[in-house]
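Visitor: structure for this input, please:
(one chain, ligands or ions: 1)
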Amino acid sequence: MTYVFPPQPPVSLAIKGSDARFAVRRILCVGRNYEAHAREMGNDPSREPPFFFMKPADTIVEDGAAIDYPPGTEDLHHEIELVVAIGKEGFAISEAAALDHVYGYAVGIDLTKRDVQNRAKKNSHPWDWSKGFDHSAPCGPIHPAASVGHIAKGRISISVNGVVKQDQDVADLIWSIPEIIAYASKDMRLMPGDLIFTGTPSGVASLKRGDTIEGSVAGLGSVNFSIR
Ligand code: MN
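Guide: Numbering: from 1, shown residues only. Have a look, this model is predicted:
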């Protein structure tokens, strides 16, 4: 096999306690999965089934990165999220079997151009340009479920320049991780390497140049980055 140009190497994340890497295939993201955040975005959280959007795999940036403030926005928001790392292929996965497909968990940030997203919503356009831009998915190392167990509760929080901005509990997810996996895999065959960003609590806010950000989930350490 020859290629007309060298293929990009796979995007990958560190795995806590291992020299092996987790090769990232796709990034699925759940919208509106904490009640208070759905309300702060002006939506009714009670009646809506989970919905998804995606980011390209190469939007991942690893812990400790300095990210340039992205072009085309004046309202870059942080969204702290629990990330589920899929380790086993499956289609139409039952809730009962869902956790068998989870390799591990991480702390991620769904960076969002909120002004671009609001314009897209208003005009019934896709969200992609507000969500899938370069460097929009800072993510910490994968913690294998074999080491840390499965995550269903625990503090999820983010601080900007040392000030806590989002602070809630993973137990407050509207749709649980098994439910999310079951829903997503009804329409799409999940594959090893897929990541699922599971939605953000309330308290999303703007970032600016010079900010340092630390996101954390109990049991999964933290992800740190800065904006330059
Ligand atoms: Mn999000």
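Visitor: any residues of the protein in contact with the ion? List them.
Guide: Residues of the chain lying close to the ion (C-beta under 5 Å from the ion) are Glu79, Asp110, Thr200. Just so you know, the C-beta spots here come from the backbone N, C-alpha and C atoms, and that holds for glycine as well.
Visitor: next SSE downstream of the helix or strand containing His143?
Guide: His143 belongs to strand 143-144 when assigned by DSSP states H and E. Next in sequence after strand 143-144, counting helices and strands by DSSP H and E, comes helix 145-148.
Visitor: in its sheet, what does the helix or strand just after that next one sit against?
Guide: Toward the C-terminal end, the helix or strand that comes next after helix 145-148 (DSSP H and E) is strand 155-160. Sheet pairing here is set by DSSP bridges, and for strand 155-160 it gives strand 163-169 (antiparallel), strand 212-217 (antiparallel).
Visitor: just to revisit the earlier point, so for the strand holding His143, mean pLDDT?
Guide: In this model, strand 143-144 has a mean pLDDT of 98.
Visitor: same deal with stretch 156-175?
Guide: Mean per-residue pLDDT for stretch 156-175: 96.
Visitor: ends of it, what's the gap?
Guide: Criterion C-alpha to C-alpha, to the nearest Å; first-to-last residue distance in stretch 156-175 is 16 Å.
Visitor: can you pull the buried residues of it?
Guide: Counting neighbours by 16 or more other C-beta atoms under 10 Å, one finds that the buried residues in stretch 156-175 are Ile156, Ser157, Ile158, Ser159, Val160, Lys165, Gln166, Gln168, Val170, Leu173, Ile174, Trp175.
Visitor: which pair in the residues you listed spans the largest distance?
Guide: Within those, Val160 and Trp175 form the most distant pair, 26.9 Å apart (C-beta to C-beta).
Visitor: returning to that earlier point: ok now the strand holding His143, how far from the chain's centre?
Guide: 16 Å (C-alpha atoms, centre = their mean, to the nearest Å).
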